[in-house]
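Novice: Pasted the sequence and its predicted model underneath.
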Amino acid sequence: MIVHRDVKSNNILLGDNLEARVADFGLAKFLRCGATSESMSAVAGSYGYIAPEYAYTLRVDEKSDVYSYGVVLLELITGRRPVGDFGEGVDIVQWAKRATAGRREAVPGIVDRRLVGGAPADEVAHLFFVSMLCVQDNSVERPTMREVVQMLAELPRHESSPSTSSSSSSSSAVEPPPPQAGEESSPDDGKEPPANCYKLFPDLLA
């Protein structure tokens, strides 16, 4: 098994058909046959994308790359950089967790303004829940990359149609965050995210 150790936005290249390709395997390591993790002599990678267990124990496994991928998903959803926008010592993962606190209605408040009104809310919410699973502090609680691919394959799909009415599109698109505290808005149109999201977001069962 190969651990990339530097999964980040700058290392994901897009082809002519927007097909993603992971690049820059300069820091990649092979895990020994049968090994589930490996000890490194020093931390390598990019600040803001490094999994906590790797930073603290110098041990990496496949879940370390999953964490980094979760950060990339958060970048796509929020339009923010992994570090630098949230105050000293706070990264995008900590900020997203604090901003939503596991509340479904809080998700639209962190979505990139460029997605507001254009991206179906249930797709954005689904992607956000997947990202939150990927960036769990405990690596055991993160999905494998195979499971991530499966969850992304279950992403609700919406076919755009020129005949779609504005009222219909506005009901399923991401709404801007509420202007006043206390107001609630639902980021989905009734479709449920994967079952394993309920552990992180118990209010989804309501």
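Specialist: Arrived safely. For clarity, every value in this text was computed on a predicted model and none was experimentally measured. Residues are numbered from 1 along each chain as shown.
Novice: And Asp24, which helix or strand is it part of?
Specialist: For Asp24, there is no enclosing helix or strand under DSSP states H and E.
Novice: Please name the residues that touch it.
Specialist: 6, 11 (C-beta atoms under 8 Å, 6 or more residues apart in numbering). Backbone N, C-alpha and C define where each C-beta goes, glycine included.
Novice: Now the spatially closest residue to Leu152 that is not a sequence neighbour, what are its backbone angles?
Specialist: Excluding its sequence neighbours, the residue lying closest to Leu152 (C-beta to C-beta, 6 or more residues apart in numbering) is Val130, at 6.5 Å. Val130 adopts backbone torsions of phi -60, psi -40, taken as degrees, to the nearest 10.
Novice: Count the residues that sit near Val130.
Specialist: Per other C-beta atoms under 10 Å, the neighbour tally for Val130 reads 24.
Novice: From what I see, it and Val148 are in contact.
Specialist: Yes: judged on C-beta atoms under 8 Å, Val130 makes contact with Val148 at a distance of 6.4 Å.
Novice: What is the neighbour count of Leu73?
Specialist: The burial count for Leu73: 20, using other C-beta under 10 Å.
Novice: My guess is it contacts Val130. True?
Specialist: Yes: counting by C-beta under 8 Å, Leu73 does reach Val130; the two are 6.5 Å apart.
Novice: Please name the residues that touch Arg114.
Specialist: Counting by C-beta under 8 Å, 6+ apart, Arg114 touches Gly79.
Novice: That one: what secondary structure?
Specialist: Assigned by DSSP: H, G, I helix; E, B strand; the rest coil, the conformation of Arg114 is helix.
Novice: do the same with Ile50
Specialist: Looking at Ile50 with three-state DSSP, the answer is coil.
Novice: Identify the residues contacting the nearest residue to it once chain neighbours are set aside.
Specialist: Using C-beta to C-beta, 6+ apart and skipping the chain neighbours, the partner closest in space to Ile50 is Val43 (6.5 Å). Contact analysis of Val43 by C-beta under 8 Å, 6+ apart lists 50, 54-55, 58.
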